[in-house]
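Asker: Here's my sequence, what's the structure:
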Amino acid sequence: MDPEQIVPHVTQITPQEIIAPLMWMVFAFAAAWYVGMTASEVKYVRLADGRQQMRRLPLLFRLLLPFVPNVVPIFRHKKLEKYRAKLDGRLISAGYEGLLSAEEFMSIQLLLFIVAVPLSFGVRPALEGLPGIGRFWNVGMILMIGYSLIYPVSWLKQVRNGRHRSMQKALPYVLDLMTLSVEAGLDFMTAIRKIIERRAMDPLGEELLRVFHEIQVGKTRRQALRDMGLRVDQPDLSSVVSALVQADELGVSLGTILRIMADQMRMKRFQRAEKLAYEAPVKMLGPLLLLIFPAVMLFLLGPILAQAFRSAF
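Answerer: Numbers count the residues shown, from 1 in each chain. From the prediction side, this is the model:
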């Protein structure tokens, strides 16, 4: 036998075959590090007295924020001025004033769409060979692209509604405290300051703090209250603001107006609780029919079906 045939053939590894996996490993490590650092990042808004209050942005927003300045100039056109003003109002009402502008929000929407489209088309070739998955990927692509457009708007609506619910819950209690303070002889400004000092900071406390400091720097009480009503855009708070402004214009006692408004807000809260209680059985009907009823039927008919199956075979 020829000795050359006994020596095994050694495959030579090229530098490209070593460098490419290393580069992918470095890229994966850098991407994981960036996502981890971004996930642990905390954003703050500055309150009227200089304090910082924590605000949470979604992880997708925080990942895309460094790239937003490249896209912002697109949304500064004059034709988008009305939409920007409307979106700014919603962001301010949600408590993100100074942290996220309308241009940045629209830029994040566009960046999410830009990322979703190539991602969905890039994953498609890898899934087409899998049985039962590739043919459904067209629907998945449409859902992914649609979600990238809908998610920012739904997030903003959810945050804004949550802030409004917090104000609704706290408003009757704050009005009661303000009523007791005014009837005890304190003026309006002192009553607000006492409430701010003795309550944990919440969305309603943030707005009262801003009103307090705006009046301190020279704004009239009527204008400060009107600005709060426009800024928050919450129906219950807007009705309280209108009543206080009218009382100030007509010279009516604030204690009487505050007591009436506190009773009204408490009654509204009771009516909302009654409405939720009446809606609960209807909302439970769906899970009952879809989950509990089939489970009970399976529990009752399971032994009979098993016995019939065993008898047949």
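
Asker: use CA for all of it now, contacts and neighbours both
Answerer: Fine.

Asker: So Q234 sits against R163, correct?
Answerer: No - Q234 is not in contact with R163 according to C-alpha atoms under 8 Å; the separation is 9.5 Å.

Asker: low-confidence ranges in the stretch 201-313 of the chain?
Answerer: 293, 312-313 (pLDDT under 70).

Asker: just so I have it, where are all the strands in this protein?
Answerer: Applying DSSP state E to the chain gives strands spanning 43-46, 52-55.

Asker: right, and the ones you listed - which one's nearest K275?
Answerer: K275 sits nearest to strand 52-55 of all those, at 31.2 Å, using C-alpha to C-alpha.

Asker: State the mean pLDDT of that closest one.
Answerer: Averaging pLDDT along strand 52-55 gives 84.

Asker: got the contact list for it?
Answerer: V42, K43, Y44, V45, R46, L47, Y96 (C-alpha atoms under 8 Å, 6 or more residues apart in numbering).

Asker: how close does the residue nearest to the third one when sequence neighbours are not counted sit to L301?
Answerer: Read that as Y44. Closest residue to Y44 apart from its sequence neighbours, by C-alpha to C-alpha, 6 or more residues apart in numbering: M54 at 4.4 Å. According to C-alpha to C-alpha, to the nearest Å, M54 and L301 sit 55 Å apart.

Asker: again with R266
Answerer: 51 Å.

Asker: Neighbour count for the two, which is higher?
Answerer: R266 (19 against 11; other C-alpha atoms under 10 Å).

Asker: show me the contacts for the more buried one.
Answerer: P172.

Asker: among the strands of the chain, which is the most enclosed?
Answerer: Among these, ranked by average contacts under mean count of other C-alpha atoms under 10 Å, first place goes to strand 43-46 (a mean of 15).

Asker: and that one, how far out from the chain's middle?
Answerer: 15 Å (C-alpha atoms, centre = their mean, to the nearest Å).

Asker: Return the list of strands paired to it, each annotated with direction.
Answerer: Using DSSP bridges, the strands paired with strand 43-46 are strand 52-55 (antiparallel).

Asker: May I have the strand it pairs with as PDB, with CA atoms only?
Answerer: Only the C-alpha atoms of strand 52-55 are listed here, as PDB (Å, rounded to 0.1, in the frame of the first residue of the first chain):
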ATOM      1  CA  GLN A  52     -37.500  64.500  39.400                       C
ATOM      2  CA  GLN A  53     -40.200  62.000  38.900                       C
ATOM      3  CA  MET A  54     -39.600  58.600  37.200                       C
ATOM      4  CA  ARG A  55     -41.300  57.800  34.000                       C
END
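
Asker: Could I get the buried residue list for stretch 148-158?
Answerer: S148, L149, P152, L156 (16 or more other C-alpha atoms under 10 Å).

Asker: ignore the last one, stretch 159-178
Answerer: For stretch 159-178, the neighbour count (16+ other C-alpha under 10 Å) marks 159-160, 163-164, 167-168, 170-172, 174-178 as buried.

Asker: now stretch 248-263
Answerer: In stretch 248-263, counting by 16+ other C-alpha under 10 Å, buried: L254, G255, I257, L258, R259, I260, M261, A262.

Asker: How about the contacts made by the first one?
Answerer: So the one you mean is L254. Neighbours of L254 in contact, by C-alpha under 8 Å, 6+ apart: T179, V182, L244, A247, D248.

Asker: Of the residues you listed, just the buried ones, PyMOL syntax please.
Answerer: Typed into PyMOL, the line below selects the buried ones among those, using 16+ other C-alpha under 10 Å:
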select buried, resi 179+182+244+247
